[in-house]
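Participant: below: sequence and its predicted model.
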Amino acid sequence: MENGHDCAHKSAWNKGKIVGQKAPLKLKDIWAIRVRLQLTHRTRELALFDLGLDSKLRACDLVNLRVKDICHGDRVSPRAIVMQKKTSLPVQFEITAPTRDAVEAWIKASALTSEDYLFPSRMHKSEHLGTRQYARIVDGWVNEIGLDPALYGTHSMRRTKATLIYRRSKNLRAVQLLLGHTKIESTVRYLGIEVEDALEIAEQTEI
């Protein structure tokens with residue numbers, strides 16, 4: 001099972017914490033967080049939130065993004081492709097118009113260049129936002145709208161859009177590609193699909 005820091009392979013980040021599959025955000029939660037970030041003019045966090053949802057990247061891949069990874073010239077591209085740290089395989093993702101606007105506003109406000117990390121760290125010892133810092137930011141978002149931070153995490157961000165896409169399309173292969181999973185079984189476990197649901201999909205698939 002994946003967790004919020006599955007790329008790091010360092011110390012026991014989950015020591016003393018409640019662990020397990022983190023819940024995806026619901027549409028009402030997404031809008032509640034987004035509106036708060038917009039109203040409080042948190043440009044950096046809005047860009048991080050929207051791109052985190054659209055990209056469906058693991059925390060370590062999201063925080064390692066450079067401006068050039070998602071931009072063509074001074075514009076954010078509608079699609080991007082990055083190499084995943086965990087699998088060393090590329091994954092492609094869409095960047096919707098609202099997300100492009102949010103990210104472009106952040107890049108402009110921060111005067112970031114093509115080679116800069118998209119989300120620079122505010123701590124001197126790190127060039128870019130760390131996965132633990134990202135996790136604390138996500139905890140803050142869910143806490144602000146009255147959700148239990150113990151039930152959510154950075155993988156909630158990764159799972160949210162994938163879960164919505166699956167519920168609307170029932171297309172496991174599409175979700176597998178979007179998440180960059182090498183095995184369909186990983187996608188089934190990751191989405192928390194019930195066995196009956198999986199069997200129903202299989203029965204409707206002719207070969």
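Facilitator: Yep, it's here. Remember, predicted model here, so these are calculated numbers, not experimental data. Numbers count the residues shown, from 1 in each chain.
Participant: return the set of buried residues in the longest helix anywhere in the chain.
Facilitator: In the chain, taking DSSP state H as the definition, the longest helix is helix 154-169. For helix 154-169, a neighbour-count test (16 or more other CB atoms under 10 Å) marks 154-166 as buried. Quick note: C-beta positions are derived from backbone N, CA and C, even for glycine.
Participant: for the helix or strand following it, the distance to its chain's centre please.
Facilitator: Using DSSP states H and E, the helix or strand that follows helix 154-169 in sequence is helix 172-179. Taking CA atoms, centre = their mean, to the nearest Å, the mean C-alpha location of helix 172-179 is offset from the chain mean by 14 Å.
Participant: same for helix 172-179, what does it pack against?
Facilitator: strand 90-94, helix 154-169, helix 184-191 (3 or more CB pairs under 8 Å, 6 or more residues apart in numbering; DSSP states H and E).
Participant: how about residues contacting the longest one?
Facilitator: So the one you mean is helix 154-169. Residues outside helix 154-169 that contact it (CB atoms under 8 Å, 6 or more residues apart in numbering): 2-5, 21-25, 27, 30, 49, 52-54, 56-59, 62, 131, 134-135, 138, 142, 171-172, 174-175, 178-179, 190-191, 193.
Participant: now list the buried members of the residues you listed.
Facilitator: Applying 16+ other CB under 10 Å to the contacts of helix 154-169 flags 2-5, 21-25, 30, 49, 52-54, 56-59, 62, 131, 134-135, 138, 142, 172, 175, 178-179, 190-191, 193 as buried.
Participant: taking those residues one by one, which sit in strands?
Facilitator: Nothing among these maps onto strands, per DSSP state E.
Participant: restricted to helices, list these.
Facilitator: Counting by DSSP H, those place 30, 49, 52-54, 59, 62, 131, 134-135, 138, 142, 172, 175, 178-179, 190-191 in helices.
Participant: any weak-confidence spans in the protein?
Facilitator: Residues of the chain meeting the criterion pLDDT under 70: 1-20, 124, 193-199, 201, 207.
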